[in-house]
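# after the sequence you'll find the predicted model.
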Amino acid sequence: MRIVVAGGTGFLGSALVERLQKDGHTAVVLTRQPSRNHHLRWDPYGPITQWVHVLEEADAVVNLAGAPINKRWTAAHKRAMWNSRVHVTRSLVAGMKSVRHIPPVLINASAVGIYGPRGDDPLTEESGAGTGFLAGLGVAWEKEALAAGPEARVVLLRSGIVLARDGGALPQLALPFRLFVGGPIGSGRQYISWIHRDDWTALVLWGLTNAAVSGPLNATAPNPVMSLEFAHTLGRVLRRPAFMPTPGFALRLVLGEMADALLASQRVFPEKAHLFGFEFWYPLLEPALRAIYG
């Protein structure tokens with residue numbers, strides 16, 4: 001397959017492109033700063049005529065573009081988070097619809113933040129959107145992606161916390177443990193929905209080739225855990241204590257509004273992946289962390 005990946009140089013995109021190439025696919029990366037032969041300069045805020053030709057012969061498009069959320073949410077950064085998802089997805093879909101042969105598949109990034117804080121409620125792809133900034137962003141983001149239909153099969157990849165050693169949230173979560181001051185965040189009772197990066201990339205490839213899959217797809221392991229269990233498991237794997245909780249008020253002092261996202265409880269299950277036969281390599285947290293840390 002010839003697959004165009006927008007945002008293919010980041011933590012998730014680079015891993016996906018590597019997996020695609022390993023499996024014999026041709027990956028073309030849309031990026032603002034091309035540095036390799038398979039990269040194409042891309043300005044999603046400029047005219048689509050500069051890059052749209054690459055979509056003409058594409059078998060699928062994967063859109064992972066978006067400003068990071070793990071920064072303090074100033075008004076300016078919230079605008080960047082919104083525009084880099086909503087506006088950029090709108091531009092990409094416009095490009096898809098402008099070519100003679102519309103790419104038949106769009107895998108568009110989303111996030112479990114769309115469900116909002118939901119306590120202990122079990123959440124599946126059938127669960128409605130919640131409240132809060134991330135939920136509103138998720139709704140607007142997915143709406144732009146769905147505009148690629150009906151000509152394209154659209155998969156909305158609602159990712160949880162993707163775990164890997166070299167990026168994402170895990171190195172930040174592990175740092176206090178390495179300094180012997182690790183512990184749960186907040187009360188420890190909020191649920192964390194996570195997935196090993198190898199399972200995440202495998203799920204994307206599975207979604208690309210499985211014609212029965214469309215709409216929301218939860219990219220989370222089948223066993224979400226409470227923050228307390230996550231901390232104890234991470235401490236055990238790293239051979240560090242896990243007795244120093246980080247109070248919610250301290251997080252809010254440091255991170256502002258972003259702290260609410262860290263403290264939100266989302267107990268998300270990958271019901272659609274299970275229904276259509278996807279098999280996780282790492283369904284349980286401790287084996288996933290042990291694989292990551294060797």
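Done, it's in.
# dump the residue contacts of the closest residue to Pro222 other than its chain neighbours.
Leaving out its chain neighbours, the residue that sits closest to Pro222 by Cβ to Cβ, 6 or more residues apart in numbering is Pro283, at 5.0 Å. Where C-beta positions appear, they are placed from N, C-alpha and C, glycine not excepted. By Cβ atoms under 8 Å, 6 or more residues apart in numbering, the residues touching Pro283 are Ala221, Pro222, Asn223.
# next one: Phe133
Taking Cβ under 8 Å, 6+ apart as the test, what Phe133 contacts is Trp73, Lys78, Glu257.
# phi and psi next, for it.
Per-residue torsions, Phe133: phi -60, psi -50 (degrees, to the nearest 10).
# contacts only, for the residue of the chain most remote from its centre.
Most distant from the centre of the chain: Arg100, at 30.1 Å, with distances by Cα atoms, centre = their mean. By Cβ under 8 Å, 6+ apart, Arg100 lies in contact with Glu56.
# can you verify it is assigned to a strand?
No - membership of Arg100 in a strand is not supported by DSSP: H, G, I helix; E, B strand; the rest coil, which gives coil.
# what's the following helix or strand after the lowest-mean-pLDDT helix or strand in the chain?
Every helix and strand of the chain was ranked by mean pLDDT, DSSP states H and E. The lowest is helix 248-255, at a mean of 70. Using DSSP states H and E, the helix or strand that follows helix 248-255 in sequence is helix 258-263.
# past that following helix, which element shows up next along the chain?
strand 267-268.
# for that next one, packing partners?
For strand 267-268, the elements it packs on are strand 122-123, judged by 3 or more Cβ pairs under 8 Å, 6 or more residues apart in numbering; DSSP states H and E.
# so where do the strands sit in this protein?
Assigned by DSSP state E, the chain shows strands spanning 2-6, 26-31, 39-41, 60-63, 105-111, 122-123, 153-159, 161-164, 167-168, 191-192, 194-196, 215-219, 225-226, 267-268.
# list the strands paired with the last one, with their directions.
For strand 267-268, sheet partners with direction are given as strand 122-123 (parallel), following DSSP bridges.
# which residues are contacting the partner strand?
Under Cβ under 8 Å, 6+ apart, the answer for strand 122-123 is Val112, Tyr115, Asn218, Gln266, Arg267, Val268, Phe269.
# do the same with stretch 198-208
Outside stretch 198-208, the residues touching it (Cβ under 8 Å, 6+ apart) are 1, 3, 12, 15-16, 19-20, 23, 60, 62, 105, 107, 155, 157, 159, 162, 195, 213, 217, 219, 221, 273, 278, 280-282, 291.
# for this structure, give me the ranges with low pLDDT.
Applying pLDDT under 70 to the chain flags the ranges 249, 253-255.
# show me the contacts for the most centrally placed residue in it.
Nearest to the mean C-alpha position of the chain, by Cα atoms, centre = their mean, lies Ser159 at 3.9 Å. The neighbours of Ser159, taking Cβ under 8 Å, 6+ apart as the test, are Leu12, Ala109, Ser110, Ala111, Val112, Ile195, Trp200, Ala219, Thr220.
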